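Visitor: give me coordinates for this.
(one chain, ligands or ions: 1)
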Amino acid sequence: MKLNTLFSTTIMVASMLAATSCGSSNNNAEQPPLPVATAVCEGVTTLEIDSATTLITLRDNAEPSTQPNRLFYGKDNKDSAKVEQLSPSGSVPSSIHAFLVKKDNKLALFDTGNGIDKGGKLLSRLDSAGYGPENIDYIILTHMHGDHIGGLLNGDSVVYARAEVFVPQVECQYWLSQSNGNGQLAARVVDAYGSRLHQFSFTDTTALPLGIRAMAAIGHTPGHSVYSVSGNRLLITGDLIHGYDLQCQDMNISPSYDINPEQAAHARKFFYSLASRKHSIIAGMHLPGNGVLIEVEPVQEMEMQAE
Ligand SMILES: [Zn+2]
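Guide: The predicted structure follows:
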């Protein structure tokens, strides 16, 4: 059976909404209505998650971008033939997003993109949404790779003047133990934000504001986190996926960015399965379109077909 026909998970790109009925109705009366993405401008959309929670998607790169197939070949190119078969165009759509959650008149920004000195557009997207960096109350980090924490700094100066920053302790301590460029960037962030940077344990269920919960999603990095917002209605899934069109066909395929590919694949399947069972909306930092998946197909099907 052809794989592509089985994976009809819908990526709710704002521009597609007028042409589809996916966001406008939900046949299951027990589930809340599906949100509809509204385009604000290029790279910015808004969705009402529930009556108290708004999600604003912010694309950090100027134009939608792609990743080459070879990123997903795996150790010793073990998956190269499979990847080329599943992705015949040679590349996979993959942008960089951050997500702003507005809840209880507070603003929580999940990740900060590459930063202005690397061409990141997050601040201009934020401005288009009506906010400046000084308006951000909380910054919650999925992990500490440069395309997620670079935007916290402009040179060695803080960009977000009053935000409280939250990061899993295990993630922060890992990067502080590394002498490479990413470790050095993490150290500069920790120095710059000082007492406003809070390292939390995954076992502390009250560590985060606005009722947000962190769940360990280790593999991409040693402290990579998924966040649940409004119960499990919205899952902010960080870098579980780097090439959706490819990885939704076989969730065992990992990009070379995953530090532990086996753990990353396990986390990917676990959280996509959770989202499917709980009818969660997924917001992923490298998903295509506006970065939001409204409906997630059962992962069991994906795994069965991958074998
Ligand atoms: Zn990333």
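Visitor: how about the residues of the protein near the ion?
Guide: Within the chain, the positions lying close to the ion (CB under 5 Å from the ion) are His145, Asp147, Asp239. Where you see a C-beta, it was placed from the backbone N, CA and C, and this is true even at glycine.
Visitor: just the residues you listed now: which is nearest Leu100?
Guide: When the residues of the chain next to the ion are ranked by distance to Leu100 (CB to CB), Asp147 comes first, at 16.8 Å.
Visitor: that's a strand at the closest one, yeah?
Guide: No - according to DSSP: H, G, I helix; E, B strand; the rest coil, the state of Asp147 is helix, so it is not within a strand.
Visitor: excluding chain neighbours, what is closest to it?
Guide: Closest residue in space to Asp147, ignoring its immediate chain neighbours: Asn114 at 5.0 Å, by CB to CB, 6 or more residues apart in numbering.
Visitor: hang on, the one you found packs against Leu123?
Guide: No - using CB atoms under 8 Å as the test, Asn114 is too far from Leu123 to be in contact (11.2 Å).
Visitor: got any residues that touch both of the two?
Guide: Gly151 (CB atoms under 8 Å, 6 or more residues apart in numbering).
Visitor: okay if I get the residues of the chain next to the ion as TSV plus neighbour count and pLDDT?
Guide: As requested, these are exported to TSV (neighbours: other CB atoms under 10 Å; pLDDT from 0 to 100):
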residue	neighbour count	pLDDT
His145	24	98
Asp147	22	98
Asp239	25	98
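Visitor: of those, closest to Ala62?
Guide: Out of the residues of the chain next to the ion, the member with the shortest distance to Ala62 (by CB to CB) is Asp147, at 14.1 Å.
Visitor: for the ion, what's its nearest residue on the stretch 151-300 of the chain.
Guide: Asp239 (4.4 Å; CB to the ion).
Visitor: that residue is in contact with Phe271, isn't it?
Guide: No - Asp239 lies out of contact with Phe271 (CB under 8 Å); the separation is 11.5 Å.
Visitor: where does the residue nearest to Asp147 sit: helix, strand or coil?
Guide: Looking at Asn114 with three-state DSSP, the answer is coil.
Visitor: and the average pLDDT for the host helix or strand of Ile282 is what?
Guide: Per DSSP states H and E, Ile282 falls inside strand 281-283. When pLDDT is averaged over strand 281-283, the result is 98.
Visitor: parallel or antiparallel, list what pairs with that strand.
Guide: strand 234-236 (parallel), strand 292-295 (antiparallel) (DSSP bridges).
Visitor: highest mean neighbour count out of those strands?
Guide: Comparing the strands paired with strand 281-283 by mean neighbour count (mean count of other CB atoms under 10 Å), strand 234-236 ranks first with a mean of 25.
Visitor: contacts for it, please.
Guide: Residues outside strand 234-236 that contact it (CB under 8 Å, 6+ apart): 49, 53, 55, 99, 101, 110, 140, 142, 226-229, 271, 274-275, 280-284.
Visitor: check Thr10 and give its pLDDT.
Guide: 36.
Visitor: closest point of the stretch 1-150 of the chain to the ion, which residue?
Guide: Asp147 (4.4 Å).
Visitor: Leu47: neighbouring residues, count only.
Guide: Counted with other CB atoms under 10 Å, the neighbours of Leu47 add up to 23.
Visitor: let me know the secondary structure of the nearest residue to Ile140 once chain neighbours are set aside.
Guide: Nearest non-adjacent residue to Ile140, counting by CB to CB, 6+ apart: Phe166, 4.8 Å away. Phe166 carries the three-state label strand when classified by three-state DSSP.
Visitor: these two touch, right, Leu176 and Ala187?
Guide: Yes - counting by CB under 8 Å, Leu176 does reach Ala187; the two are 5.9 Å apart.
Visitor: from Leu176, how far out is Ala186?
Guide: Per CB to CB, to the nearest Å, Ala186 is found 6 Å from Leu176.
Visitor: quick check: the residue of the stretch 1-150 of the chain closest to the ion touching His97?
Guide: No - counting by CB under 8 Å, Asp147 stays clear of His97, with 10.1 Å between them.
Visitor: between those two, what contacts are shared?
Guide: Common contact partners of Asp147 and His97 (CB under 8 Å, 6+ apart): Asp60, Met285.
Visitor: hmm, who's touching stretch 179-191?
Guide: So stretch 179-191 is in contact with 144-146, 149-150, 152-153, 156, 165, 172, 175-178, 197, going by CB under 8 Å, 6+ apart.
Visitor: okay, and the nearest residue to His242 once chain neighbours are set aside sits in which element?
Guide: Closest residue to His242 apart from its sequence neighbours, by CB to CB, 6+ apart: Pro255 at 4.3 Å. Here Pro255 sits in a region with no helix or strand, counting by DSSP H and E.
Visitor: alright, I will stop here.
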